[in-house]
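J.: 3D, please:
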Amino acid sequence: MVYDARDKILGRLASKVAKDMISARKSGLQQRVIVINAEEAIVSGHRTKILKQYREKYNLNHPRKGPFFPRMPDKILKRTVRGMLPYQKNSSGRESLRDLRVMIGTPSNLSGQDLPEGHQWGDTTTLDRKFPEKFVKLGDISSHLGVDAKRWGGE
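T.: A predicted model of the protein is given here:
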């Protein structure tokens with residue numbers, strides 16, 4: 001399954017991906033999920049409030065002991081999906097997380113509508129909502145946390 005995170009709300013996308021992965025795992029299938037354009041996912045709400053929340057999460061840790069909170073947009077999205085999986089309770093959540101790949105940008109083999117053999121687009125019709133008035137892109141959150149935006153073609 002391949003999902004495009006461009007202009008999708010982070011929480012809705014993460015819950016959809018987690019639900020698909022857990023249901024596939026329970027039915028006995030090993031389903032790999034790829035999420036592309038992680039830096040284009042959005043978090044709805046006031047910009048200052050969101051940036052403050054993510055800054056507090058990031059500063060919560062000890063530099064050597066943790067808990068460690070990611071700064072890169074792909075890692076933030078993967079951590080969000082991990083929060084929706086039974087990661088600590090049983091092995092199916094940990095195994096599902098191993099099958100998740102989150103990428104910044106679009107790799108050349110997944111660009112366009114034609115996907116390689118064995119890949120298919122994930123159903124995002126339930127995720128399509130009215131675009132929120134106030135939002136922040138995940139790439140902007142990462143830039144606020146100190147990551148150079150040139151890594152994904154930002155400013």
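J.: Tell me which helix or strand comes right after the lengthiest helix in the chain.
T.: Looking across the chain with DSSP state H, the single longest helix is helix 10-26. Next along the chain after helix 10-26, taking DSSP states H and E as the criterion, comes strand 33-36.
J.: Against which helices or strands is the helix or strand immediately after that following strand in the chain packed?
T.: Sequence-wise, the next helix or strand downstream of strand 33-36 (DSSP H and E) is strand 42-44. Counting contacts by 3 or more CB pairs under 8 Å, 6 or more residues apart in numbering; DSSP states H and E, strand 42-44 is packed against helix 10-26, strand 135-137, helix 138-144. Placement of C-beta: from N, CA and C, glycine included.
J.: pLDDT on the helix or strand just after strand 42-44, on average?
T.: Next along the chain after strand 42-44, taking DSSP H and E as the criterion, comes helix 47-59. Throughout helix 47-59, pLDDT has a mean value of 91.
J.: contact partners of helix 47-59?
T.: Helix 47-59 has contacts (CB atoms under 8 Å, 6 or more residues apart in numbering) with Val43, Phe69, Arg71, Ile76, Lys134, Val136, Ile141, His144, Leu145.
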